[in-house]
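[1] Make a model of this:
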Amino acid sequence: MALAAEMAEDCHQPVVELDNVSFSFGDRKVIDGLSLTVRERDFVGIIGPNGSGKTTLLRLIVGLLKPDRGEVRLFGVPAERFRDWHLIGYVPQRKAFNPLFPATVREVVLSGLFGRRKLFRRVTRADQARCRDALEVLGIADLESRRIGALSGGQQQRVFLARALIGNPRLLILDEPTAGVDEETQDNFFGLLRHMHQKHNMTFLMVTHDTERVRSYLGPEPETASGRLSFYVRHSHGLEDCAETDLLHTLRTKEG
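    So this is what the prediction gives:
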């Protein structure tokens, strides 16, 4: 019983904490006194209209912006002192990507292994193997030599997800991951996210306009709200799923 209680406690550790965080652009307050705790293996969907502060919030979380007031902590460490960026994977908005960027799919995926302090390290055989795994898992191995800008929106989406997953992150942040892609691609993408949430030791923080899909998986009502932002949360803290797993290997068992 004591061991079970200890495991349960370990599976509920805070991953992202915002303590009374506020941020303004000039005279315009974007985030006002936001307090939020995202725990291990939570799936948090962030919904809000344009200009409500969704992208600003993500930038505060990953340390690209500093709050005017309050504190952001990642894995218990204040964001300004956090250094273990390999624990965090990021899937950006597609519109933030320059389609003329001269890189192949393989190069883009491998870049996910180059953290903020490892920009110029050599690519090892182990890195190459993880890249092959990520490409195969996401069904894009046949595209590895293609230029990223020549791919469809759905294919680019899978490349960015492979890039985020190659380092086996503990926290996956997604900024409008399904914007501008077709319905079938959206269904497949959300199916993959649901599988990862249910079967792997990973926490999700996703900004999206897709209210219907968020509510269908995370619940009909937000767990909390701040300003014009609503936070939908689903917990996945079963003891049998709390062990560390090799994401890129076990994703091969995904049904469908």
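[2] Where does pLDDT dip in the stretch 151-256 of the chain?
    237-256 (pLDDT under 70).
[3] how about the strands in it?
    171-175, 203-207, 224-226, 229-234 (DSSP state E, counting those that start in this stretch).
[4] Report the buried residues of stretch 209-229.
    Asp210, Arg213, Val214, Leu218, Pro222, Glu223, Ser226, Leu229 (16 or more other CB atoms under 10 Å). Backbone N, C-alpha and C define where each C-beta goes, glycine included.
[5] Just the endpoints, please. Distance across it?
    With CA to CA, to the nearest Å as the measure, the first residue of stretch 209-229 is 11 Å from its last.
[6] which of the strands of the stretch 151-256 of the chain is buried the deepest?
    A comparison of the strands of the stretch 151-256 of the chain by mean neighbour count, using mean count of other CB atoms under 10 Å, puts strand 203-207 on top with a mean of 24.
[7] which other residues reach that strand?
    With CB atoms under 8 Å, 6 or more residues apart in numbering as the test, strand 203-207 has contacts from 15-16, 38-46, 54-55, 57-58, 61, 170-177, 193, 196-197, 214.
[8] in its sheet, what does it sit against?
    strand 43-47 (parallel), strand 171-175 (parallel) (DSSP bridges).
[9] Using TSV, lay out the ones you listed together with distance to Leu205.
    As requested, the strands paired with strand 203-207 are arranged in TSV below (distance: least, CB to CB, whole Å):
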stretch	distance to Leu205
strand 43-47	5
strand 171-175	5
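[10] I'd like to know which of the contacts of strand 203-207 are buried.
    With neighbours counted by 16+ other CB under 10 Å, the contacts of strand 203-207 contain buried members at 15-16, 38-46, 54-55, 57-58, 61, 170-177, 193, 196-197, 214.
[11] And the helices in the stretch 101-250 of the chain?
    Listed in chain order, the helices of the stretch 101-250 of the chain (DSSP state H, counting those that start in this stretch) span 105-110, 125-137, 153-165, 183-199, 211-218, 247-250.
[12] Which secondary structure elements does the second one sit against?
    In other words, helix 125-137. When contacts are defined as 3 or more CB pairs under 8 Å, 6 or more residues apart in numbering; DSSP states H and E, helix 125-137 sits against helix 105-110, helix 153-165, helix 247-250.
[13] List the buried residues for that helix?
    Using 16+ other CB under 10 Å as the test for burial, helix 125-137 gives Asp127, Arg130, Cys131, Asp133, Ala134, Leu135, Glu136, Val137.
[14] I'd like those as CSV, with distance to Gln157 appended.
    Below are the buried residues of helix 125-137 laid out as CSV (distance: CB to CB, whole Å):
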residue, distance to Gln157
Asp127, 23
Arg130, 20
Cys131, 18
Asp133, 18
Ala134, 14
Leu135, 14
Glu136, 17
Val137, 14
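[15] Contacts only, for Asp210.
    Asp210 makes contact with Thr178, Gln186, according to CB under 8 Å, 6+ apart.
[16] Provide a list of residues in contact with the closest residue to Glu17 other than its chain neighbours.
    Distances taken as CB to CB, 6 or more residues apart in numbering place Arg73 nearest to Glu17, at 4.2 Å, with adjacent residues excluded. Neighbour list for Arg73: Pro14, Val16, Glu17, Asp19, Ala79 [criterion: CB under 8 Å, 6+ apart].
[17] Cool, thanks, talk later.
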